[in-house]
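*Asks:* Next input, structure requested:
(2 chains)
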Amino acid sequence: MIRHVATWKPVLIGLVSLTSLLYALPSLIGGVPSWWPGWLPSQVIHRGLDLQGGLHLLKRVETDKALEQTAENLADEIKGALRADRLRYRGIERVDMTTISLKLSEASDLVKIREILKTTVPNLVLTETSSQEWMLQIPPEEQRTIRRFAVDQSIQTIRSRIDQFGVSEPTIQRQGEERILIQLPGLKDPDRAKDIIGRTARLEFKMVDEKGDLAGALSGRVPPGDILLYGETLDRTTGKKTRQPYLLKKRTVLSGDLLTDARVNIDGQFNEPYVSIVFNRQGGRKFAQITGDHVKERMAIVLDNMVYSAPVIQEKIAGGRAQITGNFTPEEAHDLAIVLRAGALPAPIHTLEERTVGPTLGSDSVQQGLMSILIGGALVLAFMVLYYKGFGLLANIAVIVNIIILMAVLASMQATLTLPGIAGVVLLLGMSVDANVLIFERIREELKVGKTPRAAIDHGYSKAFYTIVDANLTTLITAVVLYQFGTGPVRGFAVTLSLGILASMFTAIFMTRVILTMFLGNRRLSALSL
Amino acid sequence: MRIFRNRPHYDFVSLRRITFAISGILLLISLGSMMVRGLNYGIDFSGGTLIQLRFPEAAPIKEVRKTLTALDYGDLVIQEFGSPEEIMVRVEKQPKDSDEQAKMSKTIVDALNPLAGDKGVEMRRVEFVGPQVGSELRTQGIMAVIYSMIAILAYVAWRFELRFAYGAVLALMHDITITVGFFSIMQKEFTLVVVAALLTVIGYSLNDTIVVYDRIREEMKRLRKHPMTTIINEAVNRTLSRTLVTSLTTILVLCALLLFGGEVIHDFALTLFLGVLIGTYSSIFVASPVVLLLDRSGGKPATPAKKESKEMQGEPSSG
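*Replies:* So this is what the prediction gives:
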C-alpha cells in the first residue's frame, strides 16, 4: 500500500510551528531585540505582579459617607436659602444618612417655605409630618446615583494620583457596586503608593476658637459649634511625636475643592520643604475676604481632620496663595502636593484586600519557576525516549512544539504569566505527553495481537482519538470552572492549562501522525522503534 | 522498555473489598480529623495579615517573637520560611478596622529593623485579606468544587451512562476528601492556592477515570457475553501501563516543582502530588468497581460470575 500525505498537512504544521516560534521568541529571550524587524510580532508575555513585584489592592468606597455629605450640603443649602429670604424656622439638621429635618414654629410662613424648598432642592421628597416638623428625604434612585458617582469619582481621583506618582501600566477598575481593584506592577515603595491612594485628602480651613475654653473641651465639654482636633509634631532627632489639641470653629470657611494647584517649595531659611497652594478665582476671593475679616486671629489648616498648622493672620491675603508647612520630609511634601492637586476623595475608602510582592521575591520566583520547568521538562523528555525510543522522540517534538504554541498564544494575547501559570506549564509538560502515551500503548497492544506495524499505527491512532478527546474535554471543563472561580493568579493557571491542552490535541495527535507517516514513507516495515 | 512484559492480568475487581476497606478507613480518618481538628485556614479564608521577611543573616526567631509580642497584635504565628534567613509572620484576624490592619505591615517591619543590623529587614511579601473578602473567597471555593462536580456529572452521564457518572463523581469526592484530610491531619495551611490545586486534581483524576471508562465501554461491546467483572478487569489491565506512565511523567514534573519551584509554590505542588497519587489509585480501585456495584444487568453474564454479581446487587452502595 502506498501512503500519501496530503501536501497541506505538513505545510500547515510548518506554518503553525514557524509562526508560533516568531511570536514566542520575544518572550523566550526576554524582550524584543534591537535587530528585530518591525513587521515581526513584538508582543511579549507580561509578568504578573507575583513575578515582577508590585501591589494589588482591593478597596471599598464608603458610599454611605458620600450620601451623608450630600445630605449635609443640602441642609446647608436650605439654610442659606431660607435665611436669604428671612424666613423663620426653629432648626434644620440632618437626622440620618439621607434625611433632613426642618423644625418649624408658629411664626413660620409655611407657604413660602414650601415654595423655597421646591426651587432650591427640587429632588428631595418632602413629607409634612406635622406642623412642627417636616422631613426631606433623598429619593432612592437619587441615592443610587450619588453612590455610583462617588465610586466613579474615587476611581478618577485615584487614577490621577497614581499617574502623578508615576507608575507604569497601572490597572484601576471598578468591581461590583462599590469596590475598586488597583494593580500597580513593579513598585519600589509600596508603602508610599498605599498612602497616596488611601488618603481622603480633605483640606479645610477653620478658624481657631480663641475665646473657647480649651481645657474644658479636653475634659469633654466641647462648646456647641466647636470641634476639638489635634496636630502632631514629630521631633526628627528623637523620633518622638507630640500631639497638640486645637479648639476650632466647626464651620469650614474654605475647602480644598477650590484649589487649582499645589507645589513643593523649599523654605530658604530653614531649608525645609513646604507645599504652596493656589486657589481658583472664587477661592482666592473667599480667602482674601476671610483673612481680611480675621486679622490677628489664628486660622487652622486641617487635612483629614489633622491640624497641620494654625498661623496667625497678619494681614489680608490677596492673590489666592497659601502655604502648608508641617515639618515635612521631601517625600511627604511631594506626596501631599500630589493628593492636593488630584483632589479629595468623595468618601473615605477602606482596604479589603492587599497583596504586595517585593521585587526580589518576584525575580526569585521567576528563576525557580524556570528551573523547575527545565528540570521537569528534561526528566519527561528523557523518560519518553527511554521508554518509547523513536516514538518517544516523536512525542518529545510534539511536547516542545506544544509549549512554543502555548507561549505564542499567550504572547499574542499579551497575557500575564503568574507563578501558578508557570506551575500550569510544568504540569502541562507531564500531562501533554498523555495523549501520545495513550496512542503508543494502543499501538503496542495492536502489535501484540499480531497486526502489521502500519495497521497497528492506524488502529492505535483511531482508537485512542475519542479517548483523548473525552479525557481532555473533561479537564477543560474543570479549567473553565477554575477560571470562573479564580482571581488573578489562579486564572492565569486556568488559562495556561486549557490553552496547553487545546494545543496538545494539535501536536500530539495531528502533528505526530503526519511526521510519522512521512518518515515511514513507503519503506517496508518489520518492526517499529517503540 | 515496558512496565509489563506481557499484558497484565491482575484481578482488580476481587481486590475491591480490600481497597474499599482501605479507602473507607482513609475517608473516616480524613472526615474525623476535619470534624475534630478542623482545617487550618490561611488568611485567604480566615482574614488576617501575612508578612514574609528576609534578614541579612539567619533570622533571630526568638527575638522576633519577643519584639512582635510587645506590639500587642494578638495571636501570632512566626516561622522559618524556606531558608533560615526568611521568616513568615502571620497575624490572625482581630476586631480592629481594616485600615488599621493594612498599616500593620509597616509597623512590623519598622519594629524588626533594629534586629537586622545596618541593612534592615527586606519586605518580601505582604498579604492582607479582610474578614469580608475571606468569607467570600471561602464560599466561592466551595461553590467552585460543587459546580465542577455538577458539570462533570452531566458530561459523563451524557457521554457514558449515569452509573459511570456516579462512579466518577464518587471517585473525585474520595480524592478531594482524602487530600483535604491530609491538610487537616498535618494542620497545613489551607489557602486559595490549595483550592486551585484541588480543582486541578479533579481535572487530572477525572482524566484518568475517563480513560478507563472509555475502555470499559469498548470492552463491553467486544466481550458482550462476558460478566461485568471480566469486562472491568480487562479494561483496567489494558489501560494499566498507560495509567502508570502518565502518572509517572506527571509525578516527575511535580517532583521538579516541589524541589526547585520555591517556597511560595510548595503547597500547590504538594497538593497536586498527593492528588495525582490518590487520583491514580481511585480511578483503578474506586471509580471502576463503583460501576460494577451499580450494574443492574446482573442476570446477563455467563455462569461463573453469576453468584458474585447477585451478591453485589444485595449490597448497599460503596463503603
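*Asks:* Phi first, then psi, for residue 35.
*Replies:* Using chain A. According to degrees, to the nearest 10, the main-chain angles of residue A:35 amount to phi -80, psi 0.
*Asks:* got a pLDDT number for it?
*Replies:* Looking at residue A:35, its pLDDT is 84.
*Asks:* Distance of the most centrally placed residue in chain A relative to residue B:244?
*Replies:* Closest to where the C-alpha atoms of chain A average out (CA atoms, centre = their mean) is residue A:182, at 1.5 Å. Per CB to CB, to the nearest Å, residue A:182 is found 48 Å from residue B:244. Every residue, glycine included, has its C-beta placed from N, CA and C.
*Asks:* How many residues are close by residue A:271?
*Replies:* For residue A:271, the count of nearby residues is 7 (other CB atoms under 10 Å in any protein chain shown).
*Asks:* quick one on the thing from earlier: point me to the helix or strand that includes the residue nearest to the centre of chain A.
*Replies:* According to DSSP states H and E, residue A:182 maps onto strand A:179-185.
*Asks:* Show me the helices in chain B, by range?
*Replies:* For chain B, the helices defined by DSSP state H occupy B:16-36, B:43-46, B:61-70, B:98-112, B:131-159, B:162-185, B:192-222, B:228-260, B:266-282, B:288-293, B:303-314.
*Asks:* among those, which is nearest residue A:457?
*Replies:* For these, proximity to residue A:457 was assessed by CB to CB; helix B:228-260 is nearest, at 16.6 Å.
*Asks:* How far away from the center of its chain is the closest one?
*Replies:* Centroid separation for helix B:228-260 versus its chain: 17 Å, with CA atoms, centre = their mean, to the nearest Å.
*Asks:* go on, stretch A:366-376?
*Replies:* Distance, centroid of stretch A:366-376 to centroid of chain: 29 Å (CA atoms, centre = their mean).
*Asks:* tell me which residues of it are tucked away?
*Replies:* For stretch A:366-376, burial by neighbour count (16 or more other CB atoms under 10 Å in any protein chain shown) applies to A:366, A:368-369, A:371-373, A:375-376.
*Asks:* Make TSV out of the helices of chain B and add distance to chain A and mean pLDDT.
*Replies:* Converted to TSV, the helices of chain B look like this (distance: least, CB to the nearest CB, whole Å; pLDDT from 0 to 100):
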stretch	distance to chain A	mean pLDDT
helix B:16-36	21	94
helix B:43-46	9	87
helix B:61-70	17	88
helix B:98-112	4	76
helix B:131-159	3	86
helix B:162-185	8	93
helix B:192-222	4	88
helix B:228-260	3	92
helix B:266-282	6	92
helix B:288-293	15	88
helix B:303-314	24	38
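*Asks:* what would these look like in CSV with distance to residue B:9 and mean neighbour count?
*Replies:* Listed next are the helices of chain B as CSV, based on distance: least, CB to CB, whole Å; neighbours: other CB atoms under 10 Å in any protein chain shown:
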stretch, distance to residue B:9, mean neighbour count
helix B:16-36, 16, 15
helix B:43-46, 47, 23
helix B:61-70, 57, 14
helix B:98-112, 61, 19
helix B:131-159, 28, 17
helix B:162-185, 22, 22
helix B:192-222, 14, 24
helix B:228-260, 6, 22
helix B:266-282, 20, 23
helix B:288-293, 16, 24
helix B:303-314, 16, 13
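*Asks:* Of all these, which one comes closest to residue A:29?
*Replies:* helix B:228-260 (21.9 Å).
*Asks:* Could you tell me the angle between the closest one and helix B:16-36?
*Replies:* 50 degrees (axes from the mean of the first three to the mean of the last three CA atoms, to 10 degrees).
*Asks:* What helices and strands are in contact with helix B:228-260?
*Replies:* If you count contacts as 3 or more CB pairs under 8 Å, 6 or more residues apart in numbering or on different chains; DSSP states H and E, helix B:228-260 packs onto helix A:359-412, helix A:419-448, helix B:192-222, helix B:266-282, helix B:288-293, helix B:303-314.
*Asks:* Could you give the number of residues near the residue in the stretch 101-250 of chain A positioned nearest to chain B?
*Replies:* Relative to chain B, the nearest point of the stretch 101-250 of chain A is residue A:191 (5.4 Å; CB to the nearest CB). For residue A:191, the neighbour count with other CB under 10 Å is 16.
*Asks:* repeat for residue A:168
*Replies:* Neighbours of residue A:168 (other CB under 10 Å): 7.
*Asks:* how near is it to residue A:260?
*Replies:* Residue A:168 is 27 Å from residue A:260, by CB to CB.
*Asks:* Then residue A:95?
*Replies:* Note on residue A:95: its distance to residue A:260, by CB to CB, is 36 Å.
*Asks:* One more: residue B:237?
*Replies:* From residue B:237 across to residue A:260, the span is 82 Å (CB to CB).
*Asks:* Check what contacts the longest strand seen in chain A and list those residues.
*Replies:* In chain A, assigned by DSSP state E, the strand with the most residues is strand A:240-255. Residues outside strand A:240-255 that contact it (CB atoms under 8 Å, 6 or more residues apart in numbering or on different chains) are A:202-209, A:212-214, A:217-218, A:222-223, A:225-235, A:279, A:283, A:286-287, A:290, A:299-300, A:302, A:307, A:310.
*Asks:* Now the buried members of those.
*Replies:* A:202-209, A:212, A:217, A:222-223, A:226-229, A:231, A:279, A:283, A:286-287, A:290, A:299-300, A:302, A:307, A:310.
*Asks:* Now, the residues you listed that are in strands?
*Replies:* Of these, the ones assigned to strands by DSSP E are A:203-208, A:226-229, A:231, A:279, A:299-300, A:302, A:307.
*Asks:* and those residues, which two are the farthest apart?
*Replies:* Farthest-apart pair in those is A:228 and A:279; separation 27.2 Å (CB to CB).
*Asks:* quick one: contacts for residue B:178?
*Replies:* Residue B:178 neighbours (CB under 8 Å, 6+ apart): B:26-27, B:30, B:278.
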